[in-house]
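>>> Need a 3D model of the following:
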Amino acid sequence: MMYLPDAFLDDVPTEFRWNEGDEIIPIILSKDMLDLYNFGFAMGKNGQLPQITPATVGLVTLGIKLTGAKNEKKMKARIVGFSERYATILVPQNFMKWANQFLSDSKPKKPSRVVLKLNNANAPEVAQYIEKNKYQINKDRLLASQTADIVLKVMSAVAILGSFFVVLALVVFLMSMRLILAEAKNEIQLLLEIGYSPTKLFRFLIQYFGLNVLIVVILSTIGVYFAYIFIQNYLENTGLNLHKNLKVEVLIAAFLLCIATLSLQAFWLQRWINKTT
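Alright, predicted model coming up:
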């Protein structure tokens, strides 16, 4: 049982909090322990034992006995999350400090584990540092970290390429709008000559093109959402977990892109109408 600062945890559940006097200790358990039970112990009993989901584990209250040099105490615990990074049992920092004061004889002890947060796990200095200090590490997890770093770089490149395509699509859209207006130039001039005001014409055109933009943004957001659900279900079947819903940042980005497109349309339409009149 150990604790880590929240900065070292991938996803901190809101229930992972403890104050002195609380009877239930929130615990983050290693995902390997759950997998070991589901795919090892449960399946090894010829299917007589059920496999357990993370949501089911969170409903169970566990009884634990804390024993130390000074005191002992019985308490309850509940699993509020799982960690794929740390093969241990994690508890809140407040609880660990209280338990050390309540149970321990307060004699200082040497640390048994070290957590390293690296900017580049592929750097040769990392392997040299680990070998020099004779640390034991999980090489599979280090390899996974290196793979994740490569994937992150690939995704960054994809994001840059995606941004380029977004800008290109915006340019194509504006060129298409310009082509439509060029084909209807005579009709628009006729409307202006028979008494239509430039302001009224501007409002009609911005509503027409703006409606098209809104429809495209809404359909694209819906398409991205269902694609995300499909990918999420696929990854869950392979043992990987994603956030259940789209992040707020994605929706904000779609909204800002819509506003930017409409603003650019309005600016260009206003200039075009002024030149036409």
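
>>> drop to CA atoms for contacts and neighbour counts, all remaining ones
Fine.

>>> what is the mean pLDDT for the lengthiest strand in the chain?
Under DSSP state E, the strand in the chain containing the largest number of residues is strand 72-83. For strand 72-83, mean pLDDT rounds to 88.

>>> what helices or strands is it leaning on?
strand 24-30, helix 54-57, strand 61-67 (3 or more Cα pairs under 8 Å, 6 or more residues apart in numbering; DSSP states H and E).

>>> Direction included, what does that strand pair up with?
strand 24-30 (parallel), strand 61-67 (antiparallel) (DSSP bridges).

>>> so how far is the last one from its chain's centroid?
Mean C-alpha position of strand 61-67 versus that of the full chain (Cα atoms, centre = their mean, to the nearest Å) differs by 33 Å.

>>> Can you show me the CA trace of that strand as CSV?
Extracted in CSV, the C-alpha atoms of strand 61-67 (Å, rounded to 0.1, in the frame of the first residue of the first chain):
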residue,chain,number,x,y,z
THR,A,61,-17.0,-2.7,0.5
LEU,A,62,-13.9,-4.4,1.8
GLY,A,63,-12.9,-5.0,5.4
ILE,A,64,-9.2,-4.4,6.2
LYS,A,65,-7.1,-4.6,9.3
LEU,A,66,-4.3,-2.0,9.8
THR,A,67,-1.5,-3.2,12.0
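
>>> Could I get the buried residue list for stretch 75-91?
Judged by neighbour count (16 or more other Cα atoms under 10 Å), stretch 75-91 contains these buried residues: 77-83, 85-86, 88-91.

>>> Equivalent analysis for stretch 92-101, please.
So for stretch 92-101, counting by 16+ other Cα under 10 Å, buried means 92-93, 95-96, 99.

>>> Which of those residues fall in strands?
Among these, no member falls in strands (DSSP E).

>>> Can you tell me which of those is nearest Ile206?
Pro92 (55.3 Å; Cα to Cα).

>>> mind listing what the closest one touches?
3-4, 16-18, 26-27 (Cα atoms under 8 Å, 6 or more residues apart in numbering).

>>> Next, format the residues you listed as a markdown table and append secondary structure, distance to Lys132 and neighbour count.
Supplementary listing: these in a markdown table, determined by DSSP: H, G, I helix; E, B strand; the rest coil; distance: Cα to Cα, whole Å; neighbours: other Cα atoms under 10 Å:
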| residue | secondary structure | distance to Lys132 | neighbour count |
| --- | --- | --- | --- |
| Tyr3 | coil | 26 | 17 |
| Leu4 | coil | 24 | 13 |
| Phe16 | coil | 36 | 19 |
| Arg17 | coil | 37 | 16 |
| Trp18 | coil | 38 | 17 |
| Pro26 | strand | 36 | 24 |
| Ile27 | strand | 34 | 23 |
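
>>> For the residue nearest to Met43 when sequence neighbours are not counted, give me phi and psi.
Using Cα to Cα, 6 or more residues apart in numbering and skipping the chain neighbours, the partner closest in space to Met43 is Leu49 (7.3 Å). Here is the backbone geometry of Leu49 (degrees, to the nearest 10): phi -100, psi 140.

>>> In this structure Leu49 contacts Phe39, no?
No: using Cα atoms under 8 Å, Leu49 is not in contact with Phe39, being 10.9 Å away.

>>> Centre of the chain to stretch 173-184, how far?
Averaging C-alpha positions (Cα atoms, centre = their mean) puts stretch 173-184 39 Å from its chain's average.

>>> And the contacts of that stretch?
So stretch 173-184 is contacted by 209, 265 (Cα under 8 Å, 6+ apart).

>>> Restrict it to CA atoms and write it as PDB.
Output of stretch 173-184 as PDB, limited to C-alpha atoms (Å, rounded to 0.1, in the frame of the first residue of the first chain):
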ATOM      1  CA  PHE A 173     -15.600  26.400 -49.300                       C
ATOM      2  CA  LEU A 174     -14.900  30.100 -49.800                       C
ATOM      3  CA  MET A 175     -13.900  29.500 -53.400                       C
ATOM      4  CA  SER A 176     -17.100  27.600 -54.000                       C
ATOM      5  CA  MET A 177     -19.100  30.500 -52.500                       C
ATOM      6  CA  ARG A 178     -17.200  32.900 -54.700                       C
ATOM      7  CA  LEU A 179     -18.000  30.800 -57.700                       C
ATOM      8  CA  ILE A 180     -21.700  30.700 -56.800                       C
ATOM      9  CA  LEU A 181     -21.900  34.400 -56.400                       C
ATOM     10  CA  ALA A 182     -20.000  35.000 -59.700                       C
ATOM     11  CA  GLU A 183     -22.600  32.900 -61.500                       C
ATOM     12  CA  ALA A 184     -25.500  34.800 -59.900                       C
END
